[in-house]
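heads up, no residue letters with this:
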């Protein structure tokens, strides 16, 4: 195996190996556990940087193993997978710092960080999967790795939330397995191919492959939290804040959305999906989810539940972009894959800081928080304004491309959906900002604030939201910079799919 061929595997192993070792680290050995986490995260980013340079120069990175006769396990880096793993690896590093500070005095830290690393490994495997079998294996492993994180606290509420999570995700996984088996019987082993692997075959049997398409969308739509398959997400908010951040910004919901992008672009092909009339139902489902998620968020006083329903809405912007036939809408959806992750993780970091430092869990308890925790609240404000789509945040750039893409795709009614969604976003975020910055504090905080010298909270809790908040602005201001995110999407991802 050459160096180039080993890189995709090494990207997976840089979190898998530390994760397995961490399970055996004594609870009190904080330094060793931290070293393993940080070494793995930094090594992963270095390997990804090497692959980015190679992809620009046309190098092919592929690891292939024989799994069964005629079936291979394939890890392959392409422009679309790089987009996802850069997001995941960067936010994993930031979330690791946050989790170390958040769980400083909690029990079972080795178990938590072990599964935390395995979760990132499976996410990398999903992103780099070169065929459906490899994708299926890592997709199912992601469920098994995230369940212990959801139930980490061990309370009755956590166990109940974890049970709901398993019912939804395992049901979706079973449907995905059935769809993969049916496709294998009909077409043999299928690898993800630029422009679509099923172009000619799907056109010969349109009814069968249309049904199969919706089986794939329904199975992946569970993790992507498409309405009405979203019920597990708010209940999974019993998990610690670092887990919530990981589920919403990096791992589970993004794995579902990314999987849908793979099905449309690499399995069916955008042109074939459009000719079979499959994109319009997908677009309608995405728009329905955008509005329903926002409406449900309006009525939540619990901070994490409000953010959870916001995720239901915001992740569907990615699917909306995928369902738009044309390069501009596709660029908007892929931009939001990254932008939503950065903005949403900032919001969950902020919510975690409010809960950990002041005992605040509800929107109605937010009065005066901006004066007590100005840096955390400033980062939270940036994330919230980005979700609304206020310029010059990253969220504005995503929505601009999605709106423009709707016009180019001759589905002008989507503009109304985007406008209504932004109004609803403002409806559930602006009251939080008003309470935090302009209303006076009501009595004592629910718990005594911790003493942190001159800082408003532990620096390991403060640094991550400040960093990701800055990212949420920089990604917007420098969206069109040379070799930036938009350049990568336009010149590499969209070029691959001939959009």
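Good, I have the coordinates. Predicted model only: the values in this text are computed from it and were never measured.

All the strands of this structure, in order from the start?
All strands of the chain, identified by DSSP state E, fall at 61-68, 71-77.

The first one pairs with which strands, parallel or anti?
It stands for strand 61-68. According to DSSP bridges, strand 61-68 forms sheet pairs with strand 71-77 (antiparallel).

For the strand it pairs with, which residues meet the burial criterion?
73-77 (16 or more other C-beta atoms under 10 Å). Any C-beta I mention is one placed from the backbone N, CA and C, and that applies to glycine too.

for those, which one is nearest residue 121?
The closest of the buried residues of strand 71-77 to residue 121 turns out to be residue 75 (C-beta to C-beta; 11.5 Å).

Spit out the contact partners of that closest one.
Each residue near residue 75 by C-beta atoms under 8 Å, 6 or more residues apart in numbering is listed here: 8-9, 12, 62-64, 125, 128-130, 134.

The residues you listed in helices, which ones?
With helices taken from DSSP state H, the overlap with the contacts of residue 75 comprises 8-9, 12, 125, 128, 134.

Now do the helices in the stretch 51-200 of the chain.
For the stretch 51-200 of the chain, the helices defined by DSSP state H, counting those that start in this stretch occupy 79-102, 109-128, 132-150, 156-187, 199-204.

JSON lines please, covering the ones you listed and showing mean neighbour count, distance to residue 340 and mean pLDDT.
Compiled in JSON lines, these are given as follows (neighbours: other C-beta atoms under 10 Å; distance: least, C-beta to C-beta, whole Å; pLDDT from 0 to 100):
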{"stretch": "helix 79-102", "mean neighbour count": "24", "distance to residue 340": "10", "mean pLDDT": "88"}
{"stretch": "helix 109-128", "mean neighbour count": "25", "distance to residue 340": "15", "mean pLDDT": "91"}
{"stretch": "helix 132-150", "mean neighbour count": "22", "distance to residue 340": "18", "mean pLDDT": "92"}
{"stretch": "helix 156-187", "mean neighbour count": "17", "distance to residue 340": "20", "mean pLDDT": "91"}
{"stretch": "helix 199-204", "mean neighbour count": "15", "distance to residue 340": "30", "mean pLDDT": "79"}
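
can you tell which of these is closest to residue 245?
Closest among those, using C-beta to C-beta: helix 79-102, at 5.6 Å.

rewinding a little: so for residue 464, which of the helices of the stretch 51-200 of the chain sits nearest?
Evaluated over these, closeness to residue 464 peaks at helix 79-102, with 4.2 Å, by C-beta to C-beta.

the inter-axis angle of the closest one versus helix 109-128?
170 degrees (axes from the mean of the first three to the mean of the last three C-alpha atoms, to 10 degrees).

Show me how far helix 79-102 is from its chain's centre.
Relative to the chain's own centre, helix 79-102 is displaced by 10 Å; criterion: C-alpha atoms, centre = their mean, to the nearest Å.

show me what contacts the closest residue to residue 222 other than its chain neighbours?
The shortest distance from residue 222 to any residue other than its chain neighbours is 3.1 Å, reached at residue 172 (C-beta to C-beta, 6 or more residues apart in numbering). Listed by C-beta under 8 Å, 6+ apart, the contact set of residue 172 reads 218-223, 229.

just to revisit the earlier point, got the ones in helices among the contacts of residue 75 as JSON lines, with distance to residue 148 columns?
Formatted as JSON lines, these follow (distance: C-beta to C-beta, whole Å):
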{"residue": "8", "distance to residue 148": "26"}
{"residue": "9", "distance to residue 148": "25"}
{"residue": "12", "distance to residue 148": "19"}
{"residue": "125", "distance to residue 148": "18"}
{"residue": "128", "distance to residue 148": "23"}
{"residue": "134", "distance to residue 148": "23"}
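
Of these, which is the nearest to residue 321?
residue 128 (21.7 Å).

and the residue nearest to that closest one when sequence neighbours are not counted, what are its bridge partners?
The shortest distance from residue 128 to any residue other than its chain neighbours is 4.4 Å, reached at residue 75 (C-beta to C-beta, 6+ apart). Residue 75 forms beta bridges with residue 63, residue 129, as assigned by DSSP bridges.

Look up how far residue 473 lies from residue 75.
Between residue 75 and residue 473 the computed distance is 34 Å (C-beta to C-beta, to the nearest Å).

Show the residue spans covered by the helices in the stretch 201-350 of the chain.
206-223, 232-235, 241-249, 252-262, 270-275, 279-298, 303-323, 327-353.

follow-up on the earlier one: residue 210: which of the buried residues of strand 71-77 is nearest?
Using C-beta to C-beta, residue 74 is the member of these that lies nearest residue 210, at 26.5 Å.

Touching, the closest one and residue 60? I think so.
No. Between residue 74 and residue 60 there is no contact, the gap being 11.9 Å when judged by C-beta atoms under 8 Å.

Near residue 31, how many other residues are there?
9 (other C-beta atoms under 10 Å).

Over to residue 106: give its phi and psi.
phi -90, psi 150 (degrees, to the nearest 10).

let me fix that: residue 479
Dihedral angles (degrees, to the nearest 10) for residue 479: phi -60, psi -40.

Excluding chain neighbours, give the residue nearest to it in space.
Using C-beta to C-beta, 6+ apart, the nearest residue to residue 479 is residue 397, at 4.6 Å.

what residues are up against the one you found?
Residue 397 neighbours (C-beta under 8 Å, 6+ apart): 335, 339, 475-476, 479, 486.

Next: residue 221.
Here residue 221 is in contact with 172, 229, 256, 260, 285 (criterion: C-beta under 8 Å, 6+ apart).

If you rank the residues you listed by neighbours, which is first?
For the contacts of residue 221, the largest number of neighbours (other C-beta under 10 Å) sits with residue 256, at 28 neighbours.

thought it was touching residue 225?
Yes. Between residue 256 and residue 225 there is a contact under C-beta under 8 Å: 7.1 Å.

any residues in contact with both of the two?
residue 315.

Tell me the one among the contacts of residue 221 nearest to residue 99.
residue 256 (22.8 Å).

Give me the neighbour count for residue 234.
Residues near residue 234, counting by other C-beta under 10 Å: 23.

same thing with residue 266?
28.

And the pLDDT for it?
Turning to residue 266, the model gives it a pLDDT of 89.

Adjust the sequence numbering to begin at 19 for everything that follows.
New numbering, starting at 19: the last item is residue 284.

any idea how far it lies from residue 314?
Residue 284 sits 32 Å away from residue 314, going by C-beta to C-beta.

Report the two of the contacts of residue 190 separated the most.
Of all pairs drawn from the contacts of residue 190, the greatest distance, 11.2 Å, lies between 236 and 241 (C-beta to C-beta).
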